[in-house]
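Engineer: The sequence and its predicted three-dimensional model are supplied below.
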Amino acid sequence: MIKVITYGTYDLLHEGHIRLLKRAKALGDYLIVGVTSEDFDRSRGKINVKQSLAERIEGVRSTGLADEIIVEEYEGQKIDDIRRLGVDIFTVGSDWVGTFDYLKEYCQVIYLERTQGVSSTQIRAEKGRLRIGLLGDSTILDKFIRECKYVNGVELTGIANEDTDCLSDICKALPLVTKNYDEILDCSDAVYIISHPSRHYEEVKHALERGKHVICESPIALKRNQAEECFRLAKEKGLILLEGIKTAYSMAYGRLVLMAKTGKIGNIISIDATCTSLRDLRQFSEKELDREWNSITAWAPNGLLPVFQLLGTSYKDLRIVTRILDEERKLDAFTKIEFVYPNAVASVKVGTGAKSEGEMVISGTKGYIYVPAPWWKTDYFEIRYENSNDNKRYFYQLDGEGIRYEIVAFSRAVETGKNFAYISKEASEGIAEIMEKYHDGEGVLRI
């Protein structure tokens with residue numbers, strides 16, 4: 001019996017897939033089809049896959065061509081599969097010619113001509129484009145624009161900002177550059193907001209009232225009731241409102257949260273997260289200071305994210321210690337937020353006027369998770385135990401600092417009407433509540 005094996009993502013199964021599988025089947029007596037997992041696809045840069053692994057496997061099974069279906073989960077698995085399953089022929093589409101010649105040491109390698117003019121990428125693009133407008137003037141906009149190019153079905157319509165002169169060249173190259181927010185909304189299905197945090201609530205609410213989907217860089221609002229109102233409005237209108245914290249979409253961060261939740265380090269006792277970036281505000285002009293985010297709005301959402309995702313928002317006690325540089329604008333050089341939960345504690349340190357090691361440590365009853373600086377865009381973390389021989393290191397590729405995965409989640413949510421946000425409504429409202437308490441001076445100690 002001649003065994004044949006082939007691999008693919010098989011997203012949105014189409015005639016080209018089926019023809020390739022038929023030709024692979026004809027090469028032997030027994031066809032094994034490897035369907036790539038979500039994690040492996042992401043590690044290879046395939047971030048716009050529309051269907052789940054289960055849906056893609058079912059699509060292949062429904063063709064009746066596969067005698068056996070396996071899941072491809074890691075680099076180098078093809079060699080393991082060929083050896084383990086006694087494969088005689090490896091085959092794949094001709095667009096991969098030469099790539100898998102190294103497998104000739106283990107079996108025959110055959111490249112099959114693909115069906116011209118049919119691809120999952122083309123089908124995804126033809127499903128309809130999501131037109132996204134931009135609002136704000138942050139340097140993060142440049143990254144957002146670049147990352148959109150990696151996501152099929154997304155089109156940037158333009159940018160609105162009161163001071164268009166301060167925009168970067170990449171922003172000015174967009175189809176529409178205007179001072180009028182409504183002009184951007186008129187030609188967009190959705191908007192990405194990264195203006196000054198003091199304006200987020202009004203701008204998010206206005207977009208939702210205009211029937212537009214929204215990604216807003218965290219925090220969505222500086223008061224809890226305002227965040228609640230925005231989420232309620234989005235639900236009433238059937239719109240997607242997503243809080244923009246790119247860390248939440250980093251694969252490494254997502255994995256460490258899952259491991260912590262499933263008891264890898266026992267019960268969580270403490271979380272310590274630090275986020276700082278040193279800037280000398282004394283060199284800023286008055287106009288620049290007016291646009292400047294204070295430390296707590298710029299950094300606290302990142303630090304609060306693991307606290308609220310792992311411990312929840314029902315803390316028993318809260319203490320905020322801050323050092324203010326500019327009283328009028330409430331620009332803080334450094335702020336420390338301390339939580340007491342029924343069975344745990346947490347500490348978040350943020351600052352733009354102080355520098356510290358930007359690491360995160362999650363302590364548990366069996367061990368701890370260590371994430372080196374800068375933990376908020378890590379591709380690596382360790383789980384450490386009392387016996388160092390049990391320690392494990394985990395590496396995950398990080399592309400675009402998580403921004404492109406955030407865009408993919410948003411695009412999928414808009415397309416399907418299902419919220420694929422990695423940040424819960426409760427966490428978003430909890431972040432807004434901390435902002436409110438800070439700016440109102442509730443429980444705040446100044447140093």
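Structural biologist: Here it is on my side, so go on.
Engineer: tell me the strands in the stretch 101-250 of the chain, going along the chain?
Structural biologist: 108-112, 130-136, 154-160, 177-178, 190-194, 213-217, 241-244 (DSSP state E, counting those that start in this stretch).
Engineer: do the stretch 251-400 of the chain as well
Structural biologist: 268-276, 317-326, 331-340, 345-351, 360-364, 367-371, 380-385, 392-395.
Engineer: Nearest the geometric middle of this protein, what residue?
Structural biologist: residue 249 (2.1 Å; Cα atoms, centre = their mean).
Engineer: Isn't it up against residue 400?
Structural biologist: No: if you go by Cβ atoms under 8 Å, residue 249 and residue 400 don't touch, sitting 9.2 Å apart. Glycine gets a C-beta too; all of them are placed from N, C-alpha and C.
Engineer: how much space between the residue nearest to the centre of the chain and residue 137?
Structural biologist: Using Cβ to Cβ, to the nearest Å, we find residue 249 at a distance of 23 Å from residue 137.
Engineer: Averaging pLDDT per element, find the lowest-scoring helix or strand in the chain.
Structural biologist: Every helix and strand of the chain was ranked by mean pLDDT, DSSP states H and E. The lowest is helix 120-126, at a mean of 50.
Engineer: so where's this protein shaky on pLDDT?
Structural biologist: 41, 43-48, 115-128, 281-282, 286, 288 (pLDDT under 70).
Engineer: Measure how buried residue 364 is and give me the count.
Structural biologist: Burial of residue 364 is recorded as 19 neighbouring residues (other Cβ atoms under 10 Å).
Engineer: Leaving out chain neighbours, which residue sits closest to it?
Structural biologist: residue 265 (3.1 Å; Cβ to Cβ, 6 or more residues apart in numbering).
Engineer: before we move on, the earlier item: list the contacts for the residue nearest to the centre of the chain?
Structural biologist: 402-403, 405-406, 409, 422 (Cβ atoms under 8 Å, 6 or more residues apart in numbering).
Engineer: cool, residue 25 as well?
Structural biologist: Counting by Cβ under 8 Å, 6+ apart, residue 25 has contacts 4, 31, 65.
Engineer: Look at the first one and say how many residues are nearby.
Structural biologist: It refers to residue 4. 24.
Engineer: Relative to residue 13, how far out is it?
Structural biologist: 19 Å.
Engineer: tell me the domain boundaries of the chain?
Structural biologist: 3-118, 122-245, 248-446 (automatic domain parsing).
Engineer: now what about stretch 97-116, what contacts it?
Structural biologist: Here stretch 97-116 has contacts from 15-16, 19-20, 23-24, 27, 78-79, 82-83, 87-96, using Cβ under 8 Å, 6+ apart.
Engineer: so residue 67 makes contact with residue 31?
Structural biologist: Yes: using Cβ under 8 Å, residue 67 is in contact with residue 31, at 5.2 Å.
Engineer: more crowded one of those two?
Structural biologist: The neighbour count for residue 67 versus residue 31, taken as other Cβ under 10 Å, is higher for residue 31 (23 against 14).
Engineer: Return the distance of that one relative to residue 79.
Structural biologist: Residue 31 is 19 Å from residue 79, by Cβ to Cβ.
Engineer: quick one: the residue nearest to residue 71 when sequence neighbours are not counted from residue 62, how far?
Structural biologist: Nearest residue to residue 71, sequence neighbours excluded (Cβ to Cβ, 6+ apart): residue 37, at 5.4 Å. Counting by Cβ to Cβ, the gap from residue 37 to residue 62 is 19 Å.
Engineer: what does residue 181 give?
Structural biologist: Counting by Cβ to Cβ - residue 181 and residue 62 are separated by 47 Å.
Engineer: more crowded one of those two?
Structural biologist: Using other Cβ under 10 Å, the more surrounded residue of residue 181 and residue 62 is residue 181, with 22 against 10.
Engineer: Now for the more buried one: which residues touch it?
Structural biologist: Residue 181 neighbours (Cβ under 8 Å, 6+ apart): 135, 160, 203, 206.
Engineer: now, among the contacts of residue 249, which is nearest to residue 215?
Structural biologist: Distances from residue 215 to those, taken as Cβ to Cβ, are shortest for residue 406 (7.2 Å).
Engineer: Three-state assignment for the closest one, please.
Structural biologist: helix (DSSP: H, G, I helix; E, B strand; the rest coil).
Engineer: Tally up the residues packed near it, please.
Structural biologist: 29.
Engineer: One more: the one 5 residues further on?
Structural biologist: When neighbours are defined as other Cβ under 10 Å, residue 411 has 25 of them.
Engineer: neighbours around the residue nearest to it when sequence neighbours are not counted, how many?
Structural biologist: Residue nearest to residue 411 in three dimensions, not counting chain neighbours: residue 130, with 5.3 Å by Cβ to Cβ, 6+ apart. For residue 130, the neighbour count with other Cβ under 10 Å is 22.
Engineer: ok, now how distant is residue 130 from residue 185?
Structural biologist: Taking Cβ to Cβ, one finds residue 130 at 14 Å from residue 185.
Engineer: hmm, back to that, how about the strands of the stretch 251-400 of the chain in a markdown table, adding distance to residue 446?
Structural biologist: Shown next, in a markdown table, are the strands of the stretch 251-400 of the chain (distance: least, Cβ to Cβ, whole Å):
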| stretch | distance to residue 446 |
| --- | --- |
| strand 268-276 | 19 |
| strand 317-326 | 6 |
| strand 331-340 | 9 |
| strand 345-351 | 14 |
| strand 360-364 | 26 |
| strand 367-371 | 30 |
| strand 380-385 | 34 |
| strand 392-395 | 40 |
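Engineer: Quick one, which of those gets closest to residue 199.
Structural biologist: Using Cβ to Cβ, the nearest of the strands of the stretch 251-400 of the chain to residue 199 is strand 331-340, at 16.5 Å.
Engineer: If we go by neighbour counts, what in that closest one is buried?
Structural biologist: 331-339 (16 or more other Cβ atoms under 10 Å).
Engineer: ok, and what's touching that strand?
Structural biologist: 276, 281, 289, 292, 294-296, 300, 303-304, 307, 311, 315-325, 345-354, 434, 438.
Engineer: List buried residues within those.
Structural biologist: Buried, going by 16+ other Cβ under 10 Å: 276, 281, 292, 294-296, 300, 303-304, 307, 311, 315, 318, 320, 322, 324-325, 345-354, 434, 438, out of these.
Engineer: contacting residues for the nearest residue to residue 160 once chain neighbours are set aside?
Structural biologist: With Cβ to Cβ, 6+ apart as the criterion, residue 160 has its nearest non-adjacent residue at 4.2 Å, and that residue is residue 184. Neighbouring residues of residue 184 by Cβ under 8 Å, 6+ apart: 133-135, 157-160, 176, 178, 191.
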